[in-house]
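Enquirer: mind looking at a prediction? Sequence and model below.
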Amino acid sequence: MALVDVLPVFGLRLTTPRLMLALPDADQLAALAALAAEGIHDPSVQPFGAEWTDRPAEQIPASVVQHAWMAWSKWQPGTWELGFVVVHDGMVIGTQAISASKFAIRREFGTGSWLGRAYQGRGFGAEMRAAVLAFGFDGLAAQYATTSAYLDNPASQGVSRRLGYEPNGVQRDAIRGTVQHLQHMRLTRERWEQHRTLDVTIEGLDACREWLIGAA
Ligand SMILES: CC(C)(COP(=O)(O)OP(=O)(O)OC[C@H]1O[C@@H](n2cnc3c(N)ncnc32)[C@H](O)[C@@H]1OP(=O)(O)O)[C@@H](O)C(=O)NCCC(=O)NCCS
């Protein structure tokens, strides 16, 4: 029996013109961890509420692997976080996560992502977000997508704006000992349909659709 037979979500694969997204195997997870260790943002800012990139450099790779395993260990039908690796030209270039809680009732999902610095600013962030939006709206018949980014993160805000999200409130977070404003964003199904431009192929969904949706 293979892992995909035990947990069919490991057979999911999303393909866009330049990218492939799937749950990582052990080597891909190690490649993602190595990428994070190289630094994934300007050290003068902290784009993540969990402040995980402020850890000592030698702790970063293990934290990436443990975060993935922790998410896998908590999966329940309808409540999950899928941390896809993003592959371009055979290289792991970053991660795009999609998460849901009691999906059958809420019909809503959230997203989060990062790219290696060499791959930022080339449209990959928008392309990988578009992939999981197609997965959520087309594949799972979601009604809403949400995401959040600090106001000093123009790249993440830019991805959301381009794909049709609208502002959905601001939260005051304590980051590095000062207040940072977290902008929540929300995308309705109607606006996604107006802003979708990309062809996304979804494979492996039939085997896990019911499990991802969960019980109402
Ligand atoms: C956030 C992130 C995933 C975005 O991906 P990306 O590939 O860099 O972004 P894209 O190239 O797809 O750009 C998307 C939009 O943002 C704009 N943008 C990108 N970088 C920008 C910058 N530094 N300043 C202003 N606008 C920017 C682009 O012009 C584009 O807008 P457009 O479609 O109107 O032209 C990536 O930059 C990243 O990993 N950053 C570090 C980690 C992080 O911040 N993660 C998110 C935490 S919420």
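Expert: Received it, and whenever you're ready, just let me know what you need. Everything numeric here is computed off the predicted structure, so don't read it as measured data. Numbers count the residues shown, from 1 in each chain.
Enquirer: other SSEs contacting the longest helix belonging to the chain?
Expert: Ranked by number of residues, the top helix in the chain under DSSP state H is helix 60-74. Helices and strands touching helix 60-74, by 3 or more C-beta pairs under 8 Å, 6 or more residues apart in numbering; DSSP states H and E, are helix 26-37, strand 80-88. Bear in mind the C-beta positions are built from the backbone N, C-alpha and C, glycine included.
Enquirer: please see if the shortest one touches the ligand.
Expert: No. Strand 80-88 does not reach the ligand (C-beta under 6 Å from any ligand atom); its nearest approach is 9.4 Å.
Enquirer: name every strand pairing with that strand and say which way it goes.
Expert: Strand 80-88 pairs in its sheet with strand 20-22 (antiparallel), strand 91-100 (antiparallel), by DSSP bridges.
Enquirer: report the buried residues of the last one.
Expert: Put plainly, it is strand 91-100. Residues 92-100 are the ones in strand 91-100 that count as buried (16 or more other C-beta atoms under 10 Å).
Enquirer: so how far is residue 172 from residue 146?
Expert: 18 Å (C-beta to C-beta, to the nearest Å).
Enquirer: next one: residue 154
Expert: For residue 154, the distance to residue 172 (C-beta to C-beta) stands at 20 Å.
Enquirer: residue 22 is in contact with residue 13, isn't it?
Expert: Yes. The pair formed by residue 22 and residue 13 meets the contact definition of C-beta atoms under 8 Å, at 4.8 Å.
Enquirer: circling back: tell me the one among the buried residues of strand 91-100 nearest to the ligand.
Expert: Nearest to the ligand out of the buried residues of strand 91-100 is residue 94 (C-beta to the nearest ligand atom; 6.1 Å).
Enquirer: mean pLDDT and distance to residue 78 added to the strands paired with strand 80-88, as a markdown table?
Expert: Written out in a markdown table, the entries for the strands paired with strand 80-88 read as follows (pLDDT from 0 to 100; distance: least, C-beta to C-beta, whole Å):
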| stretch | mean pLDDT | distance to residue 78 |
| --- | --- | --- |
| strand 20-22 | 98 | 21 |
| strand 91-100 | 98 | 7 |
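Enquirer: returning to what we had before: higher neighbour count, residue 22 and residue 13?
Expert: Between residue 22 and residue 13, counted using other C-beta atoms under 10 Å, residue 22 has the larger neighbour count: 20 against 16.
Enquirer: just grab the bridge partners of the more buried one for me.
Expert: Listed by DSSP bridges, the beta-bridge partners for residue 22 are residue 85.
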